[in-house]
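Peer 1: Generate a structure from the sequence data that follows.
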Amino acid sequence: MYNEALILKLDEINVKEELQRYIKELRVFASNNKFEKGVTKLIEKTIKKAETIEDKKSLVDLYELKISQIEHLHDSKDQILQLMLLMRELSLEIDYKEGLALSYNIEWYIEKFKGNKTKSKNALDFSIKILSNHTEYDNYSYVICYYSYAVELWLEENNPQSSFILEKCVDFFHKEGFYRSLVQSLSVLFVIYQETQNKEGALKATQKLLSNKIPFDNLPNDIQAISYYFIGLSHKLQLNLSLAERYLEKARKILKETFEKSIYSFYYIPVLTHLSTVLALQGKIEQALELIKTAETLLQGKIFSNYSDPISSRQLKHSFNLVNFYIKSRIYDSTSDEIIGLIDNIYTDCKINYSNAIMLTEFLLNANLSQEQLKELKSTTNASLERVKHIINFLIVKANSNSRAVKEQNYLDRIKVLQERFKIIKMTFIEKAYADLLIAQQLFSLKQFAEIYVILKKYKNQINKIEVLELRIFMEGFIQVGAYKCGDPLGPALQYMAIKKCRMYGFSRLENTLLNYLDMQRTDVLQSK
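Peer 2: Residues are numbered from 1 along each chain as shown. Modelled structure (predicted):
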């Protein structure tokens, strides 16, 4: 075994230069075989060798390597802190800049896990400052610190510049054979590419991840599962729901068997949450509800509390609540205690957490928030809320309508809010479909029927691209509203087909909405005779 070969090689080392070359090889092996039995023992054996030959630089590197092997263990916090302080002390003693930077990178992790946001950020910034003032640096230290910086930049600021840093990290990990780190870096890139609509970048990342250059099938099951998870998540963000379901289901099957004993146990709950979202959006409400119940049980268990830091925990609970609201708002009345409790939690948490644009849009349109609440969300600095600001503005304007004359202008103002958004932010196909459908509803109220078909007909031959089932059925029905008003006699019959689909999938709320539009059409026809 390769492990045995490394042990034999270690026994023959007697000088610092040889040990430092050996550590580079050990880093790759330990990274790709993370958390396997024997790896930590090999690192401990190497630490003793470094102590024997009095190689303090190697000791710093080995302490960092040991931390990377035990950082997942909830009861190792004190040991990690002690090793980090030893790294810092030795690095200062021998003026080892890269080791000092790595120690602050670890402090970032420690403080982040504790929920100390300011201390965490300061530590990370200082690690980057050390490297930026140091012209000759080890590539490994540089990449590890900048990887953390890029991830933090994205999570906290949704700054797309983080993708450029991560691309450099990917190149290093690929070249040096750090396949586990490569997969993790590419996985984060998937999310950024999809959120910034960088389809070319996402395609290249997918091809690299699944290419023959990476021994994917030889990677540990847990990292395969995380790869499938992030690939599925990237498709979910793009609302390629069938592909998202395929990859998330692969991740679920692997993690179901291993999550109780894996470092990646925390990921099992996000997999269930995102998979339930994908299923719900495809109209598979009962399947989604079963997964949500499983996730809810796990959220209350020890595994979740042991393996989650406060920030990740808060984010996961928010994502869970969003999909829970989507599902239960299709099952229960909006005044039920379950729905009201979810609305309160989501309203508070969406101000500080990331929210999927479609799930957040669904929440805003169906939560019956007050005008004061909507205005507070509008004034809140949050990238997710910024993305759906057109929906918030639409609802604020909608709340201002009173008399008939004011109502007509109000409909026009709503349309303007939605149309202006197209010019401000790059929207996905689905986001545009949501906005166009809202515009079409306002046009119906204004009896500008001819314009409805004009704005929606572009979706007629792309209807299968709308994988959100409820949205697709609504779009099908409303396209026929516009077509009928433009002279297509089959309009009402085709609308009934859409209503029949609502009954088939249990979309009672949408069924009632479409029936109301049919009644309004019937009344309009009678009044015109």
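
Peer 1: Stretch 227-240: how far from the chain's middle?
Peer 2: 9 Å (C-alpha atoms, centre = their mean, to the nearest Å).

Peer 1: tell me the mean pLDDT over that stretch?
Peer 2: For stretch 227-240, the mean pLDDT works out to 79.

Peer 1: Pull out the buried positions in that stretch.
Peer 2: 227-240 (16 or more other C-beta atoms under 10 Å). To be clear about C-beta, it is placed using only N, CA and C from the backbone, and glycine gets the same treatment.

Peer 1: Can you pick out the most distant pair from these?
Peer 2: The most widely separated members of the buried residues of stretch 227-240, counting by C-beta to C-beta, are 227 and 239 (20.5 Å).

Peer 1: want to throw the buried residues of stretch 227-240 into JSON lines with secondary structure and distance to residue 297?
Peer 2: Shown next, in JSON lines, are the buried residues of stretch 227-240 (DSSP: H, G, I helix; E, B strand; the rest coil; distance: C-beta to C-beta, whole Å):
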{"residue": "227", "secondary structure": "helix", "distance to residue 297": "26"}
{"residue": "228", "secondary structure": "helix", "distance to residue 297": "23"}
{"residue": "229", "secondary structure": "helix", "distance to residue 297": "20"}
{"residue": "230", "secondary structure": "helix", "distance to residue 297": "24"}
{"residue": "231", "secondary structure": "helix", "distance to residue 297": "26"}
{"residue": "232", "secondary structure": "helix", "distance to residue 297": "22"}
{"residue": "233", "secondary structure": "helix", "distance to residue 297": "22"}
{"residue": "234", "secondary structure": "helix", "distance to residue 297": "27"}
{"residue": "235", "secondary structure": "helix", "distance to residue 297": "27"}
{"residue": "236", "secondary structure": "helix", "distance to residue 297": "23"}
{"residue": "237", "secondary structure": "helix", "distance to residue 297": "26"}
{"residue": "238", "secondary structure": "coil", "distance to residue 297": "30"}
{"residue": "239", "secondary structure": "coil", "distance to residue 297": "28"}
{"residue": "240", "secondary structure": "coil", "distance to residue 297": "29"}
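
Peer 1: Would you state the helices of the stretch 1-150 of the chain in chain order?
Peer 2: For the stretch 1-150 of the chain, applying DSSP state H, counting those that start in this stretch gives helices covering 2-11, 16-32, 39-52, 56-70, 77-94, 97-114, 117-132, 139-157.

Peer 1: list the helices and strands the last one packs on?
Peer 2: To tie it back to what came earlier, the one meant is helix 139-157. helix 97-114, helix 117-132, helix 162-176, helix 179-195 (3 or more C-beta pairs under 8 Å, 6 or more residues apart in numbering; DSSP states H and E).

Peer 1: next one: the shortest one to chain centre, how far?
Peer 2: Pointing back at helix 162-176 there. In terms of C-alpha atoms, centre = their mean, the gap separating the centre of helix 162-176 from the centre of its chain is 20 Å.

Peer 1: picking up where we left off before, output the buried residues of stretch 227-240 in JSON lines, with distance to residue 175 appended to each entry.
Peer 2: What follows is the buried residues of stretch 227-240, written out as JSON lines (distance: C-beta to C-beta, whole Å):
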{"residue": "227", "distance to residue 175": "19"}
{"residue": "228", "distance to residue 175": "24"}
{"residue": "229", "distance to residue 175": "25"}
{"residue": "230", "distance to residue 175": "21"}
{"residue": "231", "distance to residue 175": "22"}
{"residue": "232", "distance to residue 175": "27"}
{"residue": "233", "distance to residue 175": "26"}
{"residue": "234", "distance to residue 175": "24"}
{"residue": "235", "distance to residue 175": "28"}
{"residue": "236", "distance to residue 175": "31"}
{"residue": "237", "distance to residue 175": "28"}
{"residue": "238", "distance to residue 175": "29"}
{"residue": "239", "distance to residue 175": "34"}
{"residue": "240", "distance to residue 175": "31"}
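
Peer 1: nearest to residue 387, of these?
Peer 2: Closest approach to residue 387 among those (C-beta to C-beta): residue 237, at 11.7 Å.

Peer 1: Among the helices of the stretch 1-150 of the chain, show the one with the smallest mean pLDDT.
Peer 2: Mean pLDDT values for the helices of the stretch 1-150 of the chain show the minimum at helix 2-11, a mean of 77.

Peer 1: Please identify the buried residues of it?
Peer 2: Of the residues in helix 2-11, 6, 10 count as buried by neighbour count, 16+ other C-beta under 10 Å.

Peer 1: Show me how far that helix is from its chain's centre.
Peer 2: Here the centre of helix 2-11 is set off from its chain's centre by 40 Å, with C-alpha atoms, centre = their mean.

Peer 1: and what of stretch 154-163?
Peer 2: 12 Å.

Peer 1: quick one: contacts of that stretch?
Peer 2: Residues outside stretch 154-163 that contact it (C-beta atoms under 8 Å, 6 or more residues apart in numbering): 121, 150-151, 153, 188-189, 191-193, 195-196, 198, 201, 354, 383.

Peer 1: who wins for neighbours among those?
Peer 2: Greatest neighbour count in these, by other C-beta atoms under 10 Å, goes to residue 189: 28 neighbours.

Peer 1: OK, contacts around that one?
Peer 2: So residue 189 contacts 163, 166-167, 170, 201-202, 205 (C-beta under 8 Å, 6+ apart).

Peer 1: Check the gap between it and residue 413 for me.
Peer 2: 40 Å (C-beta to C-beta, to the nearest Å).

Peer 1: again with residue 441
Peer 2: 14 Å.

Peer 1: now do residue 495
Peer 2: 28 Å.

Peer 1: Could you do residue 457 as well?
Peer 2: In terms of C-beta to C-beta, residue 457 sits 25 Å off from residue 413.

Peer 1: Between those two, which has more neighbouring residues?
Peer 2: More crowded of residue 457 and residue 413, by other C-beta under 10 Å: residue 413, with 19 against 13.

Peer 1: just checking, residue 410 touches residue 399?
Peer 2: No: using C-beta atoms under 8 Å, residue 410 makes no contact with residue 399, being 9.4 Å away.

Peer 1: out of the two, which sits in the busier spot?
Peer 2: Between residue 410 and residue 399, residue 410 has the larger neighbour count (other C-beta under 10 Å), namely 19 against 14.

Peer 1: which element is that one on?
Peer 2: helix 404-424 (DSSP states H and E).

Peer 1: And the contacts of that helix?
Peer 2: For helix 404-424, the external contacting residues (C-beta under 8 Å, 6+ apart) are 389-390, 393-394, 397-398, 400-401, 427, 432, 435, 438-439, 442-443, 445-446.

Peer 1: again, only this time at 10 Å
Peer 2: In this structure, residues lying in contact with helix 404-424 by C-beta atoms under 10 Å, 6 or more residues apart in numbering are 386-403, 427, 431-432, 434-448, 451, 455.

Peer 1: Stretch 243-251 now?
Peer 2: With C-beta under 10 Å, 6+ apart, stretch 243-251 has contacts from 224-238, 240, 264, 267-268, 270-279, 281-282, 284, 287, 291, 467.

Peer 1: Secondary structure class of residue 267, three-state.
Peer 2: helix (DSSP: H, G, I helix; E, B strand; the rest coil).

Peer 1: And for it, the neighbour number?
Peer 2: Neighbours of residue 267 (other C-beta under 10 Å): 20.

Peer 1: Then residue 52?
Peer 2: 11.

Peer 1: circling back to that earlier point, among the contacts of helix 404-424, which lie within helices?
Peer 2: 386-387, 389-398, 431-432, 434-445, 451, 455 (DSSP state H).

Peer 1: PyMOL command to pick out the buried ones of these?
Peer 2: To isolate the buried subset of the ones in helices among the contacts of helix 404-424 in PyMOL, counting by 16+ other C-beta under 10 Å, use the following:
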select buried, resi 387+390+391+392+393+394+395+396+397+398+431+434+435+436+437+438+439+440+441+442+443+444+451+455
